[in-house]
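Asks: Take this sequence and fold it.
(one chain, ligands or ions: 2)
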Amino acid sequence: TGSTRPQRMLKAVQKNATKGDPESVISAIDYYCRHKEWAMNVGDEKGLILDSVLTEVNPSTALELGTYCGYSTVRIARLLSPGSKLITVEFNPDFAAVARQIIAYAGLQDKVTLVEGPSGDLIPKMKERFGIKSFDFVFLDHWKDRYVPDTKLLEDCGLLRKGTVLLADNVICPGAPEYLKYVKNSAHYESQYYKSNLEYTKVEDGLEKSVFLG
Ligand SMILES: O=C(NC/C=C/[C@H]1O[C@@H](n2ccc(=O)cc2)[C@H](O)[C@@H]1O)c1cc([N+](=O)[O-])cc(O)c1O
Ligand SMILES: [Mg+2]
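Replies: Numbers count the residues shown, from 1 in each chain. Ligands and ions are numbered 1, 2, ... in the order given. Alright, predicted model coming up:
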């Protein structure tokens, strides 16, 4: 039985990155996925937009839906101020196992709590389990048909506050048309589209940034 793509990505990190150096982990993954084997990381191009939004928001509490191998988890956690926390939700135990190792290799395990399970079950437990009052920042990058139900769930669970920033990946490719409709037509969000390209390709994709207005 051969290795999986996430396992090969982890090998590339262990081979080419420096332990405790998040930038080298990010570069190693981007190099591997651009030149060896594509994978669904937000990537270096959209990653710069993610970085700039994060720097602007400077969240104390952040949520990521869809860890996959931990690439964007590392991108987010490396920019968090001391004492800030990132909770990342992953459904697939094999992906979670690789992500934990990549996050640890970057030396960011103290800033990150990786929770395994479906987002729909975990979101309602965030307050009681992690003592979260509300999130300052949410990165949506999981199953695209979960973006709307999970956004509604975050609202209903009182996990968004006036000014919370939602940033959604792939609103063009593979696309999240219902989500775009939802945030653009809602009086409770102020949205803007950041045009970019699908990771490691020339195909158009982009990020939608939506500020919750309360
Ligand atoms: O399909 C895509 N993403 C789906 C991601 C899903 C991830 O979210 C987790 N999850 C975590 C919690 C859940 O409740 C459900 C799933 C899954 O276990 C997986 O790790 C995608 C596809 C392309 N593409 O070009 O095809 C490009 C991208 O950037 C993408 O993000
Ligand atoms: Mg994505």
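
Asks: For the protein, which segments count as helices?
Replies: All helices of the chain, identified by DSSP state H, fall at 5-16, 22-35, 43-57, 71-77, 93-105, 119-122, 126-130, 147-156, 177-185.

Asks: quick one, which of those is nearest to residue 87?
Replies: helix 126-130 (6.1 Å; CB to CB). The C-beta positions use only the backbone N, C-alpha and C, and glycine is treated the same way.

Asks: mind listing what's buried in that closest one?
Replies: residue 126 (16 or more other CB atoms under 10 Å).

Asks: So what's the model's average confidence on that helix?
Replies: Mean per-residue pLDDT for helix 126-130: 96.

Asks: Format the CA atom coordinates belonging to that helix as PDB.
Replies: What follows is helix 126-130, C-alpha atoms only, in PDB (Å, rounded to 0.1, in the frame of the first residue of the first chain):
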ATOM      1  CA  MET A 126     -17.200  25.900  21.000                       C
ATOM      2  CA  LYS A 127     -18.400  28.100  23.900                       C
ATOM      3  CA  GLU A 128     -18.600  25.300  26.600                       C
ATOM      4  CA  ARG A 129     -15.600  23.300  25.400                       C
ATOM      5  CA  PHE A 130     -13.100  26.100  24.700                       C
END
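
Asks: Kindly report the residues of the chain close to ligand 2.
Replies: When proximity is defined as CB under 5 Å from the ion, the chain approaches ligand 2 at 141, 169-170.

Asks: I'd like these written out as a markdown table, with neighbour count and pLDDT added.
Replies: Listed next are the residues of the chain next to ligand 2 as a markdown table, based on neighbours: other CB atoms under 10 Å; pLDDT from 0 to 100:
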| residue | neighbour count | pLDDT |
| --- | --- | --- |
| 141 | 25 | 98 |
| 169 | 30 | 98 |
| 170 | 24 | 98 |
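
Asks: Identify the residues contacting the residue of the chain found nearest ligand 2.
Replies: Here the chain gets closest to ligand 2 at one residue, residue 169, 3.7 Å apart by CB to the ion. Contacts of residue 169 were listed using CB atoms under 8 Å, 6 or more residues apart in numbering, and they are 42, 46, 72, 139-141, 205, 207.

Asks: Filtering the residues you listed by proximity to ligand 1, which remain?
Replies: Among those, the ones lying near ligand 1 by CB under 6 Å from any ligand atom are residue 141.

Asks: Let's see which of the contacts of residue 169 end up in strands.
Replies: 139-140, 205, 207 (DSSP state E).

Asks: Format these as CSV; extra columns: pLDDT.
Replies: CSV is the format used below for these (pLDDT from 0 to 100):
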residue, pLDDT
139, 99
140, 99
205, 98
207, 98
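
Asks: Looking at those, which two lie furthest apart in space?
Replies: Taking CB to CB, no two of these sit farther apart than 139 and 205, at 14.8 Å.

Asks: Show me which of those two is the more surrounded one.
Replies: residue 139 (27 against 22; other CB atoms under 10 Å).

Asks: Please report how far that one lies from residue 202.
Replies: 24 Å (CB to CB, to the nearest Å).

Asks: Also residue 130?
Replies: Going from residue 130 to residue 202 by CB to CB gives 40 Å.

Asks: Just put the residues of the chain next to ligand 2 in JSON lines and tack on distance to residue 103.
Replies: Output for the residues of the chain next to ligand 2, formatted as JSON lines (distance: CB to CB, whole Å):
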{"residue": "141", "distance to residue 103": "15"}
{"residue": "169", "distance to residue 103": "18"}
{"residue": "170", "distance to residue 103": "22"}
